[in-house]
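In: Need the 3D shape of this:
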Amino acid sequence: MYICFAEYRISEEWREQYLIYTNKLLEEGHDVQLYEGTDQPGLFVEVWNAASEEQAEQIKKERCNERSPWFRVSEWIVGGPAKLHIWTFKPAHPSSSAASPD
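Out: Here you go, the predicted structure:
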């Protein structure tokens, strides 16, 4: 399993509008978890699940596409779309079922 991880800061003045909009997106069934920093309110991360690195890269590409419903979030990001940071992560250790000790 891979993840596509997006991170950004939402301006306090747009926070409520952002939360309403992203709640609608989540209700549409997008395979993403959305978190807000406890130490840094207004700092948000999206965690998108992917079965492969290729799928994670495709999610990243689609997430940055201006036609994506998620792209609208960029207008509320402090510093705009340039401050949307997206990375792909892979497991650091093989799963226990893939590597069994002898």
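In: Kindly state the pLDDT recorded for the residue most central in space within the chain?
Out: Most central residue of the chain, judged by C-alpha distance to the mean C-alpha position with CA atoms, centre = their mean, is E46 at 2.4 Å. With respect to pLDDT, E46 has a value of 97.
In: Secondary structure element for it, which one?
Out: strand 43-50 (DSSP states H and E).
In: following the lowest-mean-pLDDT helix or strand in the chain, which helix or strand shows up next?
Out: Within the chain, no helix or strand scores below helix 53-64, which has a mean of 92 by mean pLDDT, DSSP states H and E. Remark: after helix 53-64, the chain's next helix or strand is strand 85-89, criterion DSSP H and E.
In: Output the contacting helices and strands for that next one.
Out: Here strand 85-89 touches strand 2-9, helix 53-64, going by 3 or more CB pairs under 8 Å, 6 or more residues apart in numbering; DSSP states H and E. C-betas here are computed from N, CA, C, even on glycine.
In: Now the shortest one - C-alpha only, CSV.
Out: What it means is strand 2-9. C-alpha atoms of strand 2-9 as CSV (Å, rounded to 0.1, in the frame of the first residue of the first chain):
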residue,chain,number,x,y,z
TYR,A,2,1.2,3.5,-0.9
ILE,A,3,-0.2,6.9,0.2
CYS,A,4,-0.3,10.2,-1.5
PHE,A,5,0.1,12.8,1.2
ALA,A,6,-1.0,16.5,0.6
GLU,A,7,-0.2,19.2,3.2
TYR,A,8,-1.1,22.9,3.3
ARG,A,9,-2.2,25.8,5.6
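In: so that strand versus strand 85-89, what angle?
Out: 160 degrees (axes from the mean of the first three to the mean of the last three CA atoms, to 10 degrees).
In: So in that sheet, which strands flank strand 2-9, and in what orientation?
Out: strand 43-50 (antiparallel), strand 85-89 (antiparallel) (DSSP bridges).
In: hmm, who's touching it?
Out: 40, 42-53, 55-57, 59-60, 63, 73, 77-79, 83-91 (CB atoms under 8 Å, 6 or more residues apart in numbering).
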